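Participant: Sequence first, then the predicted structure:
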Amino acid sequence: MIYIGIDVAKDKHDCFITNSDSEVLFKAFTIFNNLDGFNDLYQKIESVMDDVTKVKVGLEATGHYSYNLLGYLIDKGLPTYVINPLHTNLYRKSLSLRQTKTDKVDARTIASMLMSDVNLKFYSDTSYHNEELKSLTRYRFDKVKERAKLKTSVSRLVCILFPELEKLVPTLHMASVYALLSEFPSAKHVATAHLTRLTNLLSKSSKGRYGKDTAITFRDSARASIGSNMPAKSLELKHTIKLIQELDSEIDEIENEIKIIMDEINSPILSIPGINYRMGAMIIAEIGDFNRFDSPDKILAYACFSPSTYQSGQLDGAYAHMEKRGSRYLRYALYNATKYVCHWDPTFAAYLAKKRAEGKHYNVAISHAVKKLVRVIYHLEKTKQQYIKAA
């Protein structure tokens, strides 16, 4: 068996090649992060391998730095393993008491990990292409977060320019209100607006829900408003609304791409009441290949959705905080999906009510429901069965 350890960096990668007899086939060498470097690595591997099934390539999960090299190795059909840098660090420390850490040492350490077969999981072609879904869901997450900040800014600006408006509408963040504020970005502007123009604007943007009566109400309220007349704030409000509308369009485009992939995957977890394709996509993208996990508990550990434990002598951390390692995106998706599932599914609703009746805080009760949901998701994905809602 041939073992190749690769320490990934931005502009270059350090590699080490050995075999199952611990014979060094190629001392630690460096390749550049370009096609010539990748080809040089493959030629060296090809020169010492007889059968591609008797090769193991390992590299650390270093985000986007490893993405291109990983794709190259997968395309060449080389069995590749992606290793958590934390595991590499702990394994290196277990081999020596010396605090020696260099890129070449790390490459050799990764090769040693492959040789020792420390419960490493094969990185499949499915795992590689799952990165597309992960990129989309994380991109959407960031865009939604950005939009939420802008909406907060709109609320702040309206409170300065036309504070009475918030009491006249269900929410400030609706098409008709945005249309109004884009053209009349303060109480003064609304107060001096022509009634016919105001009526037509509201009617068109609300699809007929708001008419002349609403326009009169808005204008009368604006004329009695305590809102400040600040041209700079009015300009900021118009620009902020425009940014939100642009983000809305971008998020819709991202969601369309996510939906296309989810339709191809046809995951059974979408049969669970309360999990839509957006939240389901984030869960699937972050977990990846379910065959990497021996049990649902391993997924919970991967998400770090469990309290940290600290016990030493007579000291026992009974009130431990949640762990912060692992995928924050997966924690977010599981937590929010569980809230919706507990609302729409009677079995989960009863389970949540039971935990609350035991005196548990809402967030603690939800964390218990998360564990139950992960067990259900794991079972559905492994068996490809649809969720059956209790009668």
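Facilitator: Thanks, I have it. These figures come from a predicted structure and were not determined experimentally.
Participant: Assumed residue 17 was part of a helix.
Facilitator: No - checked against DSSP: H, G, I helix; E, B strand; the rest coil, residue 17 lies outside a helix; its state is strand.
Participant: Quick check: it vs residue 47, distance?
Facilitator: For residue 17, the distance to residue 47 equals 10 Å [Cβ to Cβ, to the nearest Å]. (Each C-beta comes from the backbone N, C-alpha and C, glycine too.)
Participant: what about those two, which has more around it?
Facilitator: In terms of neighbours (other Cβ atoms under 10 Å), residue 17 is the more surrounded of residue 17 and residue 47; the figures are 26 against 10.
Participant: hang on, that one packs against residue 48?
Facilitator: Yes - Residue 17 is in contact with residue 48 according to Cβ atoms under 8 Å; the separation is 6.7 Å.
Participant: Tell me the residues that contact both of those two, please.
Facilitator: Overlap between the contact sets of residue 17 and residue 48, as judged by Cβ atoms under 8 Å, 6 or more residues apart in numbering, is given by 2, 25-26.
Participant: so which of those is the most crowded?
Facilitator: Ranked by neighbour count (other Cβ under 10 Å), the shared contacts of residue 17 and residue 48 have residue 2 at the top, with 21 neighbours.
Participant: Dig out what it forms beta bridges with.
Facilitator: Beta-bridge partners for residue 2, by DSSP bridges, are residue 19, residue 55.
Participant: Next, the contact list for it, please.
Facilitator: Contact partners of residue 2, counting by Cβ under 8 Å, 6+ apart, are 17-19, 25, 45, 48-49, 54-56.
Participant: From those, list just the buried residues.
Facilitator: Among the contacts of residue 2, those scoring as buried are 17-19, 25, 45, 49, 55-56 (criterion: 16 or more other Cβ atoms under 10 Å).
Participant: Sort the residues you listed by pLDDT and name the bottom one.
Facilitator: For the buried ones among the contacts of residue 2, the model is least confident at residue 49; its pLDDT is 86.
Participant: For the buried ones among the contacts of residue 2, please prepare JSON lines with the additional fields distance to residue 192.
Facilitator: Listed next are those as JSON lines, based on distance: Cβ to Cβ, whole Å:
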{"residue": "17", "distance to residue 192": "77"}
{"residue": "18", "distance to residue 192": "80"}
{"residue": "19", "distance to residue 192": "83"}
{"residue": "25", "distance to residue 192": "82"}
{"residue": "45", "distance to residue 192": "75"}
{"residue": "49", "distance to residue 192": "80"}
{"residue": "55", "distance to residue 192": "76"}
{"residue": "56", "distance to residue 192": "74"}
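Participant: Tell me how many other residues crowd residue 255.
Facilitator: Residue neighbour count, defined by other Cβ under 10 Å, stands at 18 for residue 255.
Participant: likewise the one 5 residues further on?
Facilitator: Around residue 260 there are 11 other residues, counting by other Cβ under 10 Å.
Participant: helix or strand for it, which one?
Facilitator: Using DSSP states H and E, residue 260 sits within helix 231-265.
Participant: Which elements pack onto that helix?
Facilitator: Judged by 3 or more Cβ pairs under 8 Å, 6 or more residues apart in numbering; DSSP states H and E, the packing partners of helix 231-265 are helix 125-161, helix 175-183, helix 277-287.
Participant: between the first one and helix 231-265, how many degrees?
Facilitator: Our comparison of helix 125-161 with helix 231-265, counting by axes from the mean of the first three to the mean of the last three Cα atoms, to 10 degrees, yields an angle of 160 degrees.
Participant: pLDDT score assigned to residue 309?
Facilitator: Model confidence at residue 309, expressed as pLDDT, equals 43.
Participant: If you could redo that for residue 388, that was the one I meant.
Facilitator: The predicted local confidence for residue 388 is 90.
Participant: roughly how far apart are it and residue 380?
Facilitator: Counting by Cβ to Cβ, the gap from residue 388 to residue 380 is 10 Å.
Participant: Show me which of these two is the more surrounded one.
Facilitator: For residue 388 against residue 380, the residue with the higher neighbour count under other Cβ under 10 Å is residue 380, and the figures read 19 against 8.
Participant: From residue 289, how far off is the more buried one?
Facilitator: 15 Å.
Participant: what do you get for residue 256?
Facilitator: 25 Å.
Participant: what about those two, which has more around it?
Facilitator: Set side by side, residue 256 and residue 289 show unequal neighbour counts under other Cβ under 10 Å, the larger going to residue 289 at 15 against 10.
Participant: quick one: that one and residue 130 touch, right?
Facilitator: Yes - with contact defined as Cβ under 8 Å, residue 289 and residue 130 form a contacting pair (7.1 Å).
Participant: domains for the protein, by residue range?
Facilitator: Residue ranges for the domains of the chain, per the TED database: 2-123, 142-250, 266-383.
Participant: and the end-to-end length of the shortest one?
Facilitator: So that's domain 142-250. When the termini of domain 142-250 are compared using Cα to Cα, to the nearest Å, they are 12 Å apart.
Participant: Also stretch 205-217?
Facilitator: Stretch 205-217 has its terminal residues 17 Å apart, counting by Cα to Cα.
Participant: tell me the average confidence for it?
Facilitator: According to the model, stretch 205-217 has a mean pLDDT of 95.
Participant: For residue 77, grab the count of nearby residues.
Facilitator: By the measure other Cβ under 10 Å, the count of residues near residue 77 is 11.
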